[in-house]
Structure formats: C-alpha cells, structure tokens
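>>> got a structure for you, letters missing:
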C-alpha cells in the first residue's frame with residue numbers, strides 16, 4: 001500500500017502559494033468590511049435608541065435592539081475571521097477555519113430568535129395598537145435605511161465567498177427590510193391613521209428573515225456535520241477518477257467534506273494494476289481534484305489489485 005497525503009498549500013510547484021495569497025487577500029477584505037459595518041451599525045444603534053427614547057417611539061427602540069443584534073453578529077463574524085487566520089498546530093491540525101462556520105450557525109440561530117421576537121411583537125400590536133409619533137420615526141428610519149443599504153452593498157460582495165460574512169449580511173439585510181417596513185408603516189399611519197400597518201408589515205418582514213435564517217442554518221449545519229459539499233456528487237467523482245488512467249481498477253472509501261466553503265478535503269483508496277504507475281496516477285488524481293473541484297487537500301491511499309478491498313479499510 002502507498003498512502004499519499006497532499007495539501008497544495010505546501011506543494012513545490014508554486015501554484016498554491018498564489019492560492020494561499022488569494023485566501024489572505026480575501027480574509028483581509030472580509031476583516032475590513034466587517035470592521036466598517038460594525039462601527040457604522042454600533043454608532044447608529046445609539047442614535048436610534050436616543051431618538052426613540054426622546055420621541056417615546058417603541059418602534060425605534062425596538063429597531064435599536066435589532067441594530068444591537070446586528071452589531072453582535074458583525075462582531076462575532078469579525079472575531080471568527082481573526083481566529084480563522086491562525087495557523088494549524090498539533091492540537092488543531094486542520095487550523096481554525098471552521099470557527100467561521102460555527103459563528104455563521106450561531107448567527108442563523110440569532111436570526112431565528114429575532115424573527116420569533118418580531119412575530120410576537122407584531123401579534124401583540126394587532127390586538128393592542130400603539131400610537132406612534134410618525135415624523136420622528138420617519139426621519140430616523142430613512143437615515144437607518146440609507147445606512148443599511150450602504151452596509152448591505154459593502155457586505156454583499158464578500159458574502160458570496162464566505163458563509164460567515166453571509167450570516168452577517170443576512171442580519172443587515174433583515175435590518176434593511178425592517179427600515180423599509182418602518183417607513184411604509186409610518187407613511188400609511190401618517191396618511192390614513194391605520195395603526196395596524198406597523199404590526200402587519202413587521203410580520204411580513206419576520207417571515208422573510210425566517211426563510212433566510214432557516215436556509216443559512218441548514219447550510220452551516222451540513223458543513224458542521226461534515227456532509228459532502230452540495231455541488232459535488234461522490235459517485236461522479238469516483239467514475240471520473242477511474243477514467244483518468246487505465247491502471248485504476250477501483251476507488252472506494254471515498255470521503256469528501258469541508259472545513260468551510262473554500263477549504264475542501266478528500267480521502268479515498270485507489271486500487272491499481274501496477275504499483276510502478278502509482279506516482280503517475282497520484283499526480284493525475286491530484287491535478288484532477290484541484291482543477292475540477294478545487295479540492296486542494298487530499299489523502300490518497302494506493303492499493304495493489306491483489307489486495308482484498310476490505311483488507312485496508314480503517
């Protein structure tokens with residue numbers, strides 16, 4: 001048997017050092033946008049709370065609480081990125097990348113709780129309408145909308161590549177929807193006096209937040225359970241590996257999982273006819289995994305054809 005471990009971050013062909021730098025640039029970018037979003041959110045939270053206190057607007061004070069939850073989510077996401085940049089060591093051999101997925105999972109739970117709170121408040125206000133001071137509400141809500149749009153635009157690009165940033169983005173998006181809802185409710189109340197607009201719009205927003213949070217929760221839980229990445233079909237991987245070289249007889253004990261969205265890991269046993277061809281086959285499989293699936297960390301165990309397929313399993 002020949003057990004080959006490969007992590008392209010340490011290869012000598014020069015290809016992965018570029019990729020390593022690419023990840024560093026992405027991490028730096030994530031840190032910058034999260035710091036900016038956190039400062040902006042945390043600062044406006046105080047503005048909303050003070051405005052709500054002096055105008056006696058429960059809606060604004062509640063939205064300030066929402067902003068506090070956003071600030072907490074952004075702070076956790078920021079800490080996760082910092083921790084995720086730490087190098088692997090003997091106690092954490094795969095490094096700290098998974099902390100970003102854990103924080104995204106916690107942010108999803110936070111969004112669920114937030115949606116539940118908005119549902120509760122909305123239902124209570126349907127039965128007990130609250131008189132709102134509309135003008136102050138609209139001014140602060142419009143400023144809040146502008147800030148949330150700015151933060152959403154900043155976070156959106158980075159949210160595509162990081163599930164951690166995506167969790168923070170969904171918090172901000174929920175707040176953006178909240179600001180729109182507050183403005184719509186304020187306008188309806190201002191021109192019609194219909195107080196039910198506020199709780200009904202809040203319930204619609206809570207439903208949208210609930211849908212997004214459940215989707216994020218399922219995605220992060222799948223990663224934490226070491227599920228196969230959704231864009232990869234193990235059966236197809238097996239077939240394509242076997243088609244790479246005529247000396248490959250079988251592929252078994254295939255496992256594919258991820259530390260986070262970008263760090264994919266594969267292990268498998270490859271049964272071949274001629275052991276003298278093992279290095280050639282290893283090179284082919286490595287290149288295939290990187291080029292086709294962006295799997296840079298692989299452990300490939302080579303077995304001779306005469307070995308029983310059960311004799312080398314862990």
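Nice, I can see it. What you see is a predicted model, and the numbers here were worked out from it, not measured in a lab. Numbers count the residues shown, from 1 in each chain.
>>> which SS class is residue 257?
strand (DSSP: H, G, I helix; E, B strand; the rest coil).
>>> contacts only, for it.
Shown in contact with residue 257 (C-beta atoms under 8 Å, 6 or more residues apart in numbering): 223, 226-229, 264-265. Any C-beta I mention is one placed from the backbone N, CA and C, and that applies to glycine too.
>>> closest to residue 145 out of those residues?
residue 223 (32.8 Å; C-beta to C-beta).
>>> is it true that the closest one touches residue 163?
Yes. Contact between residue 223 and residue 163 holds when scored by C-beta atoms under 8 Å: they sit 7.4 Å apart.
>>> and the contacts of residue 257, which are buried?
Neighbour-count burial (16 or more other C-beta atoms under 10 Å) applied to the contacts of residue 257 gives 223, 228-229, 264-265.
>>> tell me which of those fall in strands.
Per DSSP state E, strands hold the following members of these: 264-265.
>>> so what's the residue nearest to the spatial centre of the chain up against?
For the chain, the residue nearest the mean C-alpha position is residue 163 (1.4 Å; C-alpha atoms, centre = their mean). Applying C-beta under 8 Å, 6+ apart to residue 163 gives the contacts 100-101, 104, 216, 219-220, 223, 260-261.
>>> can you check residue 98 too?
Contacts of residue 98 by C-beta under 8 Å, 6+ apart are 223-224, 259-260.
>>> of the residues you listed, which is the nearest to residue 36?
So of these, ranked by how close each gets to residue 36 (C-beta to C-beta), first place is residue 260, at 22.2 Å.
>>> and the contacts of residue 257 as TSV, adding distance to residue 114 and pLDDT?
Output for those, formatted as TSV (distance: C-beta to C-beta, whole Å; pLDDT from 0 to 100):
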residue	distance to residue 114	pLDDT
223	22	90
226	28	89
227	26	91
228	31	93
229	29	90
264	32	91
265	33	93
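>>> so which residues of the stretch 151-300 of the chain form helices?
With DSSP state H, counting those that start in this stretch as the criterion, the stretch 151-300 of the chain has helices at 163-192, 197-224, 234-242, 278-293.
>>> so can I have CSV of those helices showing distance to residue 113?
Shown next, in CSV, are these (distance: least, C-beta to C-beta, whole Å):
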stretch, distance to residue 113
helix 163-192, 12
helix 197-224, 9
helix 234-242, 35
helix 278-293, 36
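>>> looking at those, which is closest to residue 52?
helix 163-192 (11.1 Å).
>>> tell me the gap between the closest one and the middle of its chain.
Relative to its chain's centre, helix 163-192 lies at 21 Å (C-alpha atoms, centre = their mean, to the nearest Å).
>>> partner residues bridging residue 269?
On the basis of DSSP bridges, residue 269 is bridged to residue 252, residue 301.
>>> wait, isn't it in contact with residue 253?
Yes. Counting by C-beta under 8 Å, residue 269 touches residue 253, with 4.6 Å between them.
>>> okay, residue 88: pLDDT?
You'll see residue 88 listed with a pLDDT of 83.
>>> let me fix that: residue 262
Residue 262 is assigned a predicted lDDT (pLDDT) of 73.
>>> neighbours of residue 83, just the number please.
Neighbours of residue 83 under the rule other C-beta atoms under 10 Å: 16.
>>> revised request: answer the last question for residue 32.
12.
>>> which helix or strand contains it?
Per DSSP states H and E, residue 32 falls inside helix 15-55.
>>> how about the contacts made by residue 221?
The neighbours of residue 221, taking C-beta under 8 Å, 6+ apart as the test, are residue 105.
>>> ok, now how distant is it from residue 293?
Distance of residue 221 to residue 293, given as C-beta to C-beta, to the nearest Å: 22 Å.
>>> follow-up on the earlier one: and the pLDDT at the residue nearest to the centre of the chain?
With respect to pLDDT, residue 163 scores 79.
>>> now it: closest residue in space, sequence neighbours ignored.
Leaving aside its chain neighbours, residue 163 sits nearest to residue 104 (4.6 Å; criterion: C-beta to C-beta, 6 or more residues apart in numbering).
>>> how far away is that neighbour from residue 281?
Distance, residue 104 to residue 281, by C-beta to C-beta: 37 Å.
>>> more neighbours: which of those two?
Between residue 104 and residue 281, counted using other C-beta under 10 Å, the more crowded position is residue 104 (29 against 22).
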